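Peer 1: model this:
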Amino acid sequence: MEYTNETELILSSLNKDRKQLAEKLSDIDKLIKKIKYGNVNLGANKGMRVQSAGNDVEILEPEKPFPMKADLKIQVIKIMDILGEASKLNAIQAKYKEVTGFTANLRETVRNLNKHDILKLLQPKNSLRGLYWVKTDWLEDNNTKLKDSHKFEGFDLLFTDDLIEFK
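Peer 2: Below you'll find the model as predicted:
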């Protein structure tokens, strides 16, 4: 098969396009890795609305990226902060998978955090089995009561403060 000038021109143009697309794909792969490992903050323009002297003032605070390279204990603490309410272990694991893309058995990590009084297990009194995990920071009245801001919807229907304990 003979190549004419037109054929060579078309081939060189296609090779140039292929090279440019390969470079773009490489750049996209690099960006995906940066986002995945927490090196890029995509929420830089999100902030909190604060009321000050009757005026609404928006304070922009960049969200901290998820610590992908941190120890699993740190990641579990961050997941609990993201959830923000009393949660079952399977909910913690599901949120971890959603955020990181990895499946992990967090049972021993959560129990280790409990041993160091970072997390507490909510359980009914006179029961051997706990139900929900909470951060120790979320407790008040000498670790006997969960703050209202960290209760899930329907918490007060299921539990009363005098019938639960945090271990």
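
Peer 1: how about the strands of this protein, start to end?
Peer 2: Using DSSP state E, the strands found in the chain span residues 47-52, 55-60, 119-124, 132-135, 139-140, 145-146, 164-166.

Peer 1: Can you flag the weakest of those strands by average pLDDT?
Peer 2: Lowest mean pLDDT within the strands of the chain: strand 47-52, at a mean of 47.

Peer 1: What count of nearby residues applies to the closest residue to residue 133 other than its chain neighbours?
Peer 2: Nearest residue to residue 133, sequence neighbours excluded (CB to CB, 6 or more residues apart in numbering): residue 119, at 5.3 Å. (Glycine included, C-beta is placed from N, CA and C.) Residues near residue 119, counting by other CB atoms under 10 Å, number 24.

Peer 1: shouldn't residue 119 be in contact with residue 80?
Peer 2: Yes - between residue 119 and residue 80 there is a contact under CB atoms under 8 Å: 7.0 Å.

Peer 1: which neighbours do the two share?
Peer 2: Counting by CB atoms under 8 Å, 6 or more residues apart in numbering, the residues touching both residue 119 and residue 80 are 133, 135.

Peer 1: Show me the shaky parts of the protein.
Peer 2: Flagging of the chain using pLDDT under 70 yields the residue ranges 1-2, 37-63.

Peer 1: quick one: the helices in it?
Peer 2: For the chain, the helices defined by DSSP state H cover 5-36, 72-83, 89-100, 107-115, 155-158.

Peer 1: Appreciated, that's everything.
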